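**Q** Here is a sequence with its predicted model. Questions after.
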Amino acid sequence: MKYVSRALAVLAAALLAASAACAFPAGGSVENSKKGILVVAFGSSMPEGEASIEAVTDAVRKAYPGVETRVAYTSRIITRKIARERGKTVDEPAVALAKMAYEGFTDVAVLSTHIIPGEEYDDLKAVVDGFRVIGATAPKAGFRFIGLSSPLLSGAEDFERLAGVLADSYLERTKKGAFVFVGHGTRHFANAAYGALQFALWGKSHNFFVGTIEGSPSYDDVASGLKTAKVKDVWIAPAMLVAGDHAHNDIAGPEPDSWKSMLEARGYRVTPVLEGLGQNAAVRGLILEKLSEAWGEFKP
Ligand code: CO
């Protein structure tokens, strides 16, 4: 792994040097630079979900006041729905980046707001890598620099950091009951991040639990954990960027198969906390750190 990533880093550096040399021949000035940020989210068609993406975007604009910040959604189902219902256009990442290249942006940082480096992130990375190659081979059609931030849970220190921030917000409640975070979950290997987050949170309190809707730990894993915890009160919150469709339906919805209903059927008093991670200021701080890393030496 280490060898491969080092080889890729060398290759990327070579490509960057080549592209910088083409775009800025001897005497080329940094005055020609036009920096931009693209915030990329899966997207949400619910106003409550969009609020979380907007909170992250606002924090980025505050941190980089002189840099134009745009937003792209990766979900075509959501962008089509928003266009149909509200006449609002949100580009997908490749289109947003193509427009920025056409408009003369030279240095661009792409902010991934993904929680884990799963399929969605892999796809985004492929798009960014594509623009990196374009920038190196046809500078006028690409960028001098394009950076991509890593997801919230992608490095060894990330689990402890996020667990610390979540404990700051919710540790008090684990003294009165259990606090359950529900992530999206995936069949992608990156799903392992949820288990790692669970261990990091157990370091804060044994009454913190992590489950997922589509991966592991599962609902059954959380239910058996709660049984051992011998609690009456359970708080339940999404471990997702937004409190959107999954949070309002699968987690806290009135249907008998929502997590809330299933836990209530087992006798717990359940209180949903319908707040996406993007609505937590401290989590936004972690996301901004990732963006800062993505800029590298091109940081504005
Ligand atoms: Co989903």
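**A** Looks like it came in fine. Residues are numbered from 1 along each chain as shown.
**Q** Could you use CA atoms for every contact and neighbour count after this?
**A** Noted.
**Q** Just the terminal-to-terminal distance for stretch 183-195.
**A** Distance between the boundary residues of stretch 183-195 (CA to CA, to the nearest Å) amounts to 11 Å.
**Q** Would you mark the buried spots in it?
**A** For stretch 183-195, the neighbour count (16 or more other CA atoms under 10 Å) marks 183-186, 190-195 as buried.
**Q** same deal with stretch 78-88?
**A** Across stretch 78-88, burial judged by 16+ other CA under 10 Å covers 78-80, 82.
**Q** circling back to that earlier point, from the buried residues of stretch 183-195, which land in strands?
**A** Gly183 (DSSP state E).
**Q** could the buried residues of stretch 183-195 go into a markdown table alongside pLDDT?
**A** Compiled in a markdown table, those are given as follows (pLDDT from 0 to 100):
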| residue | pLDDT |
| --- | --- |
| Gly183 | 98 |
| His184 | 97 |
| Gly185 | 97 |
| Thr186 | 97 |
| Ala190 | 98 |
| Asn191 | 98 |
| Ala192 | 97 |
| Ala193 | 98 |
| Tyr194 | 98 |
| Gly195 | 98 |
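**Q** which of the buried residues of stretch 183-195 lies closest to Ala237?
**A** Gly183 (8.9 Å; CA to CA).
**Q** residues in contact with that closest one?
**A** Counting by CA atoms under 8 Å, 6 or more residues apart in numbering, Gly183 makes contact with 194, 210-213, 238-240.
**Q** Filter these down to just the ones in strands.
**A** 210-212, 238.
**Q** can you put the residues you listed in JSON lines and add pLDDT?
**A** Listed next are these as JSON lines, based on pLDDT from 0 to 100:
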{"residue": "Val210", "pLDDT": "98"}
{"residue": "Gly211", "pLDDT": "98"}
{"residue": "Thr212", "pLDDT": "98"}
{"residue": "Pro238", "pLDDT": "98"}
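**Q** which among these gets closest to Ala282?
**A** Pro238 (15.8 Å).
**Q** The residue nearest to that closest one when sequence neighbours are not counted: neighbouring residues, count only.
**A** Closest residue to Pro238 apart from its sequence neighbours, by CA to CA, 6 or more residues apart in numbering: Val182 at 4.7 Å. Other residues near Val182 come to 26 when the count uses other CA atoms under 10 Å.
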